[in-house]
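Colleague: mind folding the following:
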Amino acid sequence: MSQHIDHLLQHYPELAPVVPQIDAAVEAILTMHKNGGKLLLCGNGGSAADSDHISGELLKGFLLRRPMPADERKAFGADMEVTAHLDEFQRGVCALPLPQLAAVLSAYANDVNPTMVFAQLVYAAGRKNDVFLGLSTSGNSKNVVLAAETAKSLGFFTIGMTGEGGGKLANICDVVIKVPSKETYRIQEYHLPIYHAICAEVESALFGL
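Modeller: Got it, this is the predicted structure:
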């Protein structure tokens with residue numbers, strides 16, 4: 001067992017049953033990154049904030065510094081102003097939090113259909129080798145379910161993070177991390193340390209020494 005998962009279980013031993021799903025999510029994201037794909041995330045309310053949080057941990061250093069490798073530095077000319085800042089770059093995993101795209105979300109919701117906003121963004125922005133991650137405490141949030149179905153139909157690996165039971169996402173996603181609670185706030189409290197562990201595992205595998 002990895003140190004980050006072990007640390008998670010030290011604090012939340014009740015999450016032991018979902019460790020195989022956490023491991024599968026980590027592997028899917030690692031494969032995605034190595035194949036040039038990106039992570040498309042969505043959720044509503046607190047889960048929308050969680051999708052942004054996950055993205056923030058992946059797009060820059062989380063627990064590690066992740067310096068730019070020497071071979072990438074060669075692309076920057078000596079006469080470029082940015083070259084003086086190469087030590088400030090941090091390698092990242094491409095992760096797009098769909099709820100933060102306010103302009104297109106509001107336009108599509110107004111012009112077409114509010115429940116299809118995330119599905120539209122998955123359809124428009126998704127490409128081969130991408131992974132979809134939908135957060136829904138019930139597993140039944142209609143806009144997340146429609147996005148998951150779209151991602152699945154397009155051939156993306158799909159991950160759901162839900163509460164007990166898993167809702168509709170349990171029948172759609174390749175991997176569903178169902179935490180042991182039916183209370184919205186408790187489910188979200190479980191989701192945070194789980195996705196921190198996932199991000200730490202991905203970071204360690206890709207950027208660790």
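Colleague: only C-alpha atoms for contact and neighbour calcs from this point on.
Modeller: OK.
Colleague: check contacts around the closest residue to Thr162 other than its chain neighbours.
Modeller: Spatial nearest neighbour of Thr162, excluding adjacent residues (CA to CA, 6 or more residues apart in numbering): Thr137 at 4.5 Å. By CA atoms under 8 Å, 6 or more residues apart in numbering, the contact set of Thr137 is Ser47, Met161, Thr162, Gly163, Lys182, Thr184, Ile187, Gln188.
Colleague: could I get the residues you listed as a markdown table with pLDDT, secondary structure and neighbour count?
Modeller: Putting the contacts of Thr137 into a markdown table (pLDDT from 0 to 100; DSSP: H, G, I helix; E, B strand; the rest coil; neighbours: other CA atoms under 10 Å) gives the following:
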| residue | pLDDT | secondary structure | neighbour count |
| --- | --- | --- | --- |
| Ser47 | 98 | helix | 22 |
| Met161 | 98 | strand | 30 |
| Thr162 | 98 | strand | 31 |
| Gly163 | 98 | coil | 26 |
| Lys182 | 96 | coil | 14 |
| Thr184 | 97 | helix | 14 |
| Ile187 | 98 | helix | 21 |
| Gln188 | 98 | helix | 22 |
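Colleague: and the residues you listed, which two are furthest apart?
Modeller: Ser47 and Lys182 (15.0 Å; CA to CA).
Colleague: would you map the strands across this structure?
Modeller: 39-42, 95-97, 131-135, 157-162, 175-178 (DSSP state E).
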